[in-house]
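Novice: Below are the sequence and a predicted model; questions follow.
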Amino acid sequence: MAKTAPIPGTSDIFADEVAEWRVLEDTARSIFSRYGYGELRTPVFERTEVFTRSLGDETDVVQKEMYSFEDRGGRNLTLRPEGTAGVMRALVNAGIPQGDERRVYYQGPMFRGERPAAGRKRQFHQVGVEAVGKVAAGIDAECIAMLMHYMEDLEITGCKLLLNSRGSAEDRAPVAAALHDYFAAHSDEMCDDCQRRLETNVSRIMDCKTEGCRGIIDQAPGVLELLKPESADYFAAVCADLDRLGIAYEIDPRLVRGLDYYVHTVFEVVFDGIGAQTALAGGGRYEITFPGQKRPVLGVGFAAGMERLLLAREACKVPAASVDQPDVFLVSLGDDAFDANFALAQQLRRNGLAVGMDLERRGMKPQMRAAGKSGAPYTVIRGEQELTDGVAVVKNMETGDQQPVPVTDLAAVLSTN
RNA sequence: GUGGGUGUAGCUCAGUUGGUUAGAGCGCCUGGUUGUGGCCCAGGAGGUCGCGGGUUCAAAUCUCGUCACUCACCCCA
């Protein structure tokens, strides 16, 4: 059994579960297209530098979570740990005319070598969107509204939208310096982790849950107050847009995202009840500079963890999507009827019907059991008598009513029911 | 990478202070006279007790190791 188990952190997804995945995918396509986003499918692996350059060399993802390998040509490749970098690479490669904008969404597997836990896999799936190019100021709020629209249609209730700003690229150094100064002054009161973060990633300290650090964090200078006036104005405009769209949000100065490319608006949708993980989706505005490109490419987007959306829907008691079931189940009495039904099944399928049938040539009882279990609303029964009469008995499995129907009319009769 | 919990039938799990043929429910198969599912009844198939050492007359049970699953830390979707 262990030998056939999938690699740790990966899983096999069977039909009943796939039905749930389809809900996520279909809903995404339906909603995102209304906002002008079309699907983009990019490779699951890229040159490693596509990720290291855009996510940032110092981020945890790049430092210890990437599945990297060398291919036969000696190229250093990496299984994508997130979707944005590859999407941006593809759009840049395709070329975006000056002053134009591209809107795409994507969906598919991502890979990170972390220790698996509830809502965290090594091969996990994200559905995300990116608006790239000349991203107008209004896109931040529109994009967030679309995400909340998605949550709503997925019937995920009780989730919360957190909002913050990182300021512009020019804000980053001064803000980090200010935070570093503040926390350095209190370093002796902080936990070991935060002392380490002080040197590696100051902003992460804001996330610390340790009792002793909380007091210090609460007194820390707010990131928003440290921003340049233009950046603060930008953030205020995004908030005003959200108010206009009727989107509820909570400004969380402690919200930090793990990737370096974010600027200005960052947001996260959080939900309690899927283990230790709380983030269902996250995103923001970003800038990525590719080798050979003079200017950074701008974008706004988000990604949602599909496994987590599934868990959240479960926690919200959303009824499971139904799996595909046959429209009709064929039951045969005797070898002649079996042979006739074997051919009939094929014919009905060509007429667009989903047809089930027991191929074991068993007795009628097991066939009827199989018919009932299949969930087919109708059963078609044929024996010698029906064959000579050129009819088939159509049985309604719910009411138990049955009627002889000419075989030539079967497809039509079953299709209308 | 660091810790905790758990590995017994296809699934969910019992298995008493180590004791010989390892159980239940669900599911599956066959029947309950002629060609009718769900309910009920009877019977049946199915297990290297995760794997490998050790202790013992005797190990599913104790011990060590290992692997897997799982939860949490870290971090994130």
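Specialist: That came in fine, so what should we check first?
Novice: drop to CA atoms for contacts and neighbour counts, all remaining ones
Specialist: Will do.
Novice: hmm, who's touching stretch A:88-108?
Specialist: A:25, A:32, A:36-42, A:50, A:83, A:125-135, A:290, A:297 (CA atoms under 8 Å, 6 or more residues apart in numbering).
Novice: Point out the residues in the stretch 51-200 of chain A that sit beside RNA strand B.
Specialist: Applying CA under 7 Å from any atom of the strand, we find that the stretch 51-200 of chain A lies next to RNA strand B at A:59-61, A:112, A:114-122, A:124-126, A:193, A:197.
Novice: Of those residues, keep whichever come out buried.
Specialist: Applying 16 or more other CA atoms under 10 Å to these, the neighbour count classes A:Thr59, A:Val61, A:Arg112, A:Gly119, A:Arg120, A:Lys121, A:Arg122, A:Phe124, A:His125, A:Gln126, A:Arg197 as buried.
Novice: domain ranges for chain A?
Specialist: Following automatic domain parsing, chain A resolves into domains at A:2-168+A:228-315, A:328-416.
Novice: which of the buried ones among the residues of the stretch 51-200 of chain A next to RNA strand B lies closest to A:Ala145?
Specialist: Closest approach between those and A:Ala145, by CA to CA: A:Gln126, at 18.3 Å.
Novice: which residue does chain A bring closest to RNA strand B?
Specialist: Nearest to RNA strand B in chain A, going by CA to the nearest atom of the strand, is A:Gly258, at a distance of 2.5 Å.
Novice: Without its sequence neighbours, what residue ends up closest to that residue?
Specialist: A:Thr59 (6.6 Å; CA to CA, 6 or more residues apart in numbering).
Novice: measure that neighbour to A:Tyr261 for me?
Specialist: According to CA to CA, to the nearest Å, A:Thr59 stands 10 Å off from A:Tyr261.
Novice: one step back: report the two members of the buried ones among the residues of the stretch 51-200 of chain A next to RNA strand B separated by the largest distance.
Specialist: A:His125 and A:Arg197 (28.9 Å).
Novice: State the phi and psi torsions of the closest residue to A:Gly334 other than its chain neighbours.
Specialist: In space, and not counting its chain neighbours, A:Gly334 is closest to A:Gly383: 6.4 Å by CA to CA, 6+ apart. Main-chain dihedrals, A:Gly383, degrees, to the nearest 10: phi -130, psi -170.
Novice: these two touch, right, A:Gly383 and A:Leu330?
Specialist: No - counting by CA atoms under 8 Å, A:Gly383 sits too far from A:Leu330 to count as a contact (11.1 Å).
Novice: more neighbours, those two?
Specialist: Legend: neighbour count by other CA atoms under 10 Å for A:Gly383 and A:Leu330, higher for A:Leu330 (27 against 20).
Novice: Assumed that one was part of a strand.
Specialist: Yes - if the criterion is DSSP: H, G, I helix; E, B strand; the rest coil, then A:Leu330 is within a strand.
Novice: Give the bridge partners for it, please.
Specialist: A:Met357, A:Val380 (DSSP bridges).
Novice: quick one: pLDDT of it?
Specialist: Looking at A:Leu330, its pLDDT reads 97.
Novice: these two touch, right, it and A:Leu353?
Specialist: No - judged on CA under 8 Å, A:Leu330 makes no contact with A:Leu353 at a distance of 11.9 Å.
Novice: pLDDT score for the closest residue in space to A:Ser231 that isn't next to it in sequence?
Specialist: Distances taken as CA to CA, 6+ apart place A:Gly167 nearest to A:Ser231, at 5.3 Å, with adjacent residues excluded. Listed pLDDT for A:Gly167 reads 89.
Novice: I'd assumed A:Tyr261 was in contact with A:Gly167.
Specialist: No - counting by CA under 8 Å, A:Tyr261 is not a contact partner of A:Gly167; they are 11.8 Å apart.
Novice: more crowded one of the two?
Specialist: A:Gly167 (25 against 21).
Novice: that's a helix at that one, yeah?
Specialist: No - assignment of A:Gly167 by three-state DSSP gives coil, placing it outside any helix.
Novice: Could you double-check that the residue of chain A closest to RNA strand B sits in contact with A:Asp57?
Specialist: No - contact criterion CA under 8 Å: A:Gly258 and A:Asp57 do not qualify, at 11.6 Å.
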